[in-house]
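Novice: Predicted model and sequence below, questions to follow.
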Amino acid sequence: MEQLGTIQLETERLILRRFTPSDSEGIYKNWTSDDAVTQYLTWQTHQSIADSKAFIEAVSAGYDDKTSYNWAICLKSNPDAPIGSIGLGRFNEALHSVEVGYALGKAWWRQGIMSEAFAAVISFAFKELKINRLVATHHLGNPNSGKVMEKCGLKYEGVLRQAGLDNQKRFVDLKQYSILATDYII
C-alpha cells in the first residue's frame, strides 16, 4: 500500500482539494451547520463558524502526514467554495484496506455530485494507493448514502449491530459496503 497524502483530484464537474483556512465560513454555511446533513453523521452540527474553523485546523494539521486524506469537494465553476467533504481513514496496513466517509451540502443532493467525488476517490485509492479493499458504512436511517455506495460499485455486506455512534453519541446500527481490487477495473 502506497501513501501519497491529500493531493488534488479532478472530475468532469469537481475539484477535490485540500481545505484552507478561508473555507471556514463556506463550509459552515453549506453543510456543517445543517442538521439535515449531520443527523446521520458521527460529529455534531457546528454551532458557529469557530467550530468549522477548528475542524479545518484539525484536518489541515494532518496534511503534512502522507497518511492523511481529507478533501474539500468544490464545483469547478466555483473552486473556492467547498460544498462537501470526503476522506479516507481507518487504514489497515496489513489488509491494505481503508474506509471512506463523506458529507455533502443539502443544496447539492440528488445531482450525482457525491457519486462523482466518491468515484474519483475510489480510483485514486486503487490506482495510486494500491489498496485491496475499500469500505464504507452508513446509518440505517440514511438509505440514500447506500445508493451512492452501490452506484460506485460497492457491494452490500450486511448490518453491523450497534457498530457506530450518531452525532448524539447514541449507539446505531450501520450498513456496510465494500469494493475489492478484484472488483475494480483499473
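Specialist: Right, received. Where do you want to start? Remember, predicted model here, so these are calculated numbers, not experimental data.

Novice: which one's the longest helix in this protein?
Specialist: Using DSSP state H to define each element, the chain has its longest helix at helix 113-127.

Novice: Need the residues that contact the lowest-mean-pLDDT helix or strand in the chain.
Specialist: Across the helices and strands of the chain, mean confidence by mean pLDDT, DSSP states H and E is lowest for helix 35-38: a mean of 92. Outside helix 35-38, the residues that touch it by CB atoms under 8 Å, 6 or more residues apart in numbering are Trp31, Thr32, Gln44, Thr45, Ala103, Leu104, Gly105, Lys106, Asn167. C-beta: built from backbone N, CA, C; applies to glycine.

Novice: among the residues you listed, which are in strands?
Specialist: Members of these lying in strands (criterion: DSSP state E): Ala103, Leu104.

Novice: What subset of the contacts of helix 35-38 is buried?
Specialist: Taking 16 or more other CB atoms under 10 Å as the criterion, what is buried in these is Trp31, Thr32, Thr45, Ala103, Leu104, Gly105, Asn167.

Novice: How about Pro21, nearest residue that isn't a chain neighbour?
Specialist: Closest residue to Pro21 apart from its sequence neighbours, by CB to CB, 6 or more residues apart in numbering: Ile56 at 6.2 Å.

Novice: What helix or strand is the one you found located in?
Specialist: Element membership of Ile56, judged by DSSP states H and E, is helix 49-61.

Novice: distance between that helix and the chain's centre?
Specialist: Between the centre of helix 49-61 and the centre of its chain there are 16 Å (CA atoms, centre = their mean, to the nearest Å).

Novice: buried sites along the helix or strand just after it?
Specialist: Where DSSP H and E defines the elements, the next helix or strand beyond helix 49-61 is strand 69-75. By neighbour count on 16+ other CB under 10 Å, the buried set for strand 69-75 is Tyr69, Asn70, Trp71, Ala72, Ile73, Cys74.

Novice: what does the following helix or strand past strand 69-75 rub up against?
Specialist: The first helix or strand that comes after strand 69-75 along the chain, using DSSP H and E, is strand 82-92. Residues outside strand 82-92 that contact it (CB under 8 Å, 6+ apart): 1, 16, 19, 23, 26-27, 30-31, 59, 67, 69-75, 97-105, 107-108, 113-114, 117-118, 121, 125, 135.
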